[in-house]
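Undergrad: coordinates only, sequence not included:
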DNA sequence: GTATCCCTTTGATATTTGTCAATGCAACCA
DNA sequence: TGGTTGCATTGACAAATATCAAAGGGATAC
């Protein structure tokens, strides 16, 4: 290898990784949602290939020029924001069918980091070309807007969690959210493997890792879940949901 | 007034309130940013008129069908999310030139409430027509995407604030953010009137109103600001900024 | 296979923020 | 003008979470 080629450079596109929305079983969860066969094949031609990432690899970093958004094909990601003064906030965890990178549109530069938490694959969607195609395909344009709006609504949910919930409520909401998303992808809603550490969960939930660990233990003691390291089984979904109603529960 | 007309019904468009982006001094802060004169006049024709709101009036409520987004022409708004279990989270405060209502795109229904905190005026931007026009005007399409992306990035900043900052850091960040936004609109960055109550600030910052009030008092004792009820004068901007570097400030 | 390292759990204590309560201030209305 | 009402401030105390510290468990690398 020549000296002017860094050893850790990773190809931006994994050669031979074919991508076709029309053949993808995630299409109903992902960007192609609602497209006709013909329009979907036009989208196929736009997708700039795929990319494989090993656990721990960055899909992009804050400061990288923005060129594409990404659809998660398989695997699991986290996004986080780092400030100069050393704060680190996990802003989300993304799984198959979800879109990454929309933070970069506003400034043409990514504002957060996206890291694979397990070996993963993504589709590259060049944004300039996506805009061109969505000028022509109204349903694609509208769905892109929906995807971005959904991200805004999701963020509001996280603000609600961080602003109004206590530690155990936050963790319950987090587990129920994961459960629901796994379920939507055909996996068990009751039993799954956490891809992230207690510290990453804590960062997302605005808690210290010890607090997260204690909340897990408490849920187990109360018979709500069974947890061993990263393996979680939800025993009592209604019980977890009940935790989300505050003590004075002014319902109705 | 006839019995079948509710007394509190407010016209959705204020008759006679003319709106033209091309004549608006907010256009560089708002949706028309970057448009040519010709394209701006096409946007003028799309804007569905304006609407005036008195303090306390809702621009829209969670559950309302989504039809338009709104540009704040004058005044001041808050948006908040309410859950069935009684939680209430203020998700943002909006001032002139800022866009409201993008939460509604994803489900065709608004997911939060928008309330005028002082007498205000907005422009109505019918979304279906905006999508049609942005298919034709690429720079409008792109700028709409930027505006939505900017909202996502802003939300990440709020998550950072809620997830990693302590009470006084949150309030300092809040004041500095207001200061910067007033400044960008030609108002004093150092002296302004808060349009929201301590409770609303607290909701936004994930704090109780008493904690907000104590933080204000502490800032005043330390000579950082001068505060009397809703009137705030920032005396020491660098001092406030210094509060945002955490105690161990691992810089560099 | 085994040693290492990172992650997790748990306990004791400190700090921060929330809760409850009382008072003060200011604007608004009659 | 005076009273009412809502908002803000302040204090004392309680509760939640963070911090510090130590030890155990699994996965990974050699």
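TA: Ah, there it is. These numbers were taken from a predicted model, which means no experiment stands behind them. Numbers count the residues shown, from 1 in each chain, chains lettered A, B, ... in the order given.
Undergrad: flag the shaky bits of the stretch 151-252 of chain A, pLDDT-wise.
TA: A:246-252 (pLDDT under 70).
Undergrad: wait, does the longest helix seen in chain A contact DNA strand D?
TA: For chain A, the longest helix by residue count, based on DSSP state H, is helix A:138-164. No. Helix A:138-164 does not reach DNA strand D (C-beta under 7 Å from any atom of the strand); its nearest approach is 10.6 Å. Quick note: C-beta positions are derived from backbone N, CA and C, even for glycine.
Undergrad: buried stuff in that helix?
TA: A:140-164 (16 or more other C-beta atoms under 10 Å in any protein chain shown).
Undergrad: just give the closest residue to the spatially most central residue of chain A, not the sequence neighbours.
TA: Nearest residue to the geometric centre of chain A (C-alpha atoms, centre = their mean): residue A:94, 1.3 Å. Sequence neighbours aside, residue A:77 is the residue nearest to residue A:94 in space, at 4.4 Å (criterion: C-beta to C-beta, 6 or more residues apart in numbering or on different chains).
Undergrad: which residues touch the residue nearest to the centre of chain A?
TA: By C-beta atoms under 8 Å, 6 or more residues apart in numbering or on different chains, residue A:94 lies in contact with A:72, A:76-79, A:100, A:114.
Undergrad: can you do 10 Å?
TA: By C-beta atoms under 10 Å, 6 or more residues apart in numbering or on different chains, residue A:94 lies in contact with A:59, A:70-72, A:75-79, A:100-101, A:114, A:116-117, A:120, A:122, A:181.
Undergrad: helix, strand, or coil at it?
TA: Judged by DSSP: H, G, I helix; E, B strand; the rest coil, the three-state class of residue A:94 is strand.
Undergrad: gap between it and chain B?
TA: The gap separating residue A:94 from chain B is 13 Å, by C-beta to the nearest C-beta, to the nearest Å.
Undergrad: report whether stretch A:217-228 contacts chain B.
TA: No. Stretch A:217-228 lies apart from chain B when judged by C-beta under 10 Å from any C-beta of the partner chain; the minimum separation is 17.8 Å.
Undergrad: how far off centre is that stretch?
TA: Relative to its parent chain, stretch A:217-228 has a centroid offset of 25 Å by C-alpha atoms, centre = their mean, to the nearest Å.
Undergrad: is it true that residue A:214 touches residue A:227?
TA: No. Judged on C-beta atoms under 10 Å, residue A:214 makes no contact with residue A:227 at a distance of 11.7 Å.
Undergrad: mind splitting chain A into its structural domains?
TA: The record assigns chain A these domain ranges, following automatic domain parsing: A:21-147, A:165-244.
Undergrad: what about residue A:87, neighbour count?
TA: Neighbour count of residue A:87, defined by other C-beta atoms under 10 Å in any protein chain shown: 18.
Undergrad: what's the mean pLDDT across the helix or strand harbouring residue A:115?
TA: Per DSSP states H and E: residue A:115 is located in strand A:113-116. Averaged over strand A:113-116, pLDDT sits at 97.
Undergrad: tell me which strands it pairs with, and in which orientation.
TA: The pairing partners recorded for strand A:113-116 under DSSP bridges are strand A:58-60 (antiparallel), strand A:76-82 (antiparallel).
Undergrad: ok, what's across the strand from the residue nearest to residue A:94?
TA: residue A:94, residue A:116.
Undergrad: quick one, what contacts it?
TA: By C-beta under 10 Å, 6+ apart, the neighbours of residue A:77 are A:53, A:58-59, A:70, A:92-95, A:98, A:100, A:113-118, A:120, A:122, A:195-196.
Undergrad: one more time with 7 Å, if that's ok
TA: Residue A:77 makes contacts with A:59, A:93-94, A:100, A:114-117, A:120, as judged by C-beta atoms under 7 Å, 6 or more residues apart in numbering or on different chains.
Undergrad: buried among those? Need that as a selection in PyMOL.
TA: Command for PyMOL that selects the buried part of the contacts of residue A:77, burial taken from 16+ other C-beta under 10 Å:
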select buried, chain A and resi 59+93+94+100+114+115+116+117+120
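Undergrad: could the contacts of residue A:77 go into a markdown table alongside distance to residue B:177?
TA: Below are these laid out as a markdown table (distance: C-beta to C-beta, whole Å):
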| residue | distance to residue B:177 |
| --- | --- |
| A:59 | 29 |
| A:93 | 27 |
| A:94 | 27 |
| A:100 | 26 |
| A:114 | 26 |
| A:115 | 28 |
| A:116 | 33 |
| A:117 | 32 |
| A:120 | 35 |
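Undergrad: which of the contacts of residue A:77 sits closest to residue A:244?
TA: residue A:93 (19.1 Å; C-beta to C-beta).
Undergrad: could you measure from the nearest residue to that closest one once chain neighbours are set aside over to residue A:192?
TA: In this structure, residue A:93 finds its nearest non-sequential neighbour in residue A:78, 5.3 Å apart by C-beta to C-beta, 6+ apart. The gap separating residue A:78 from residue A:192 is 16 Å, by C-beta to C-beta, to the nearest Å.
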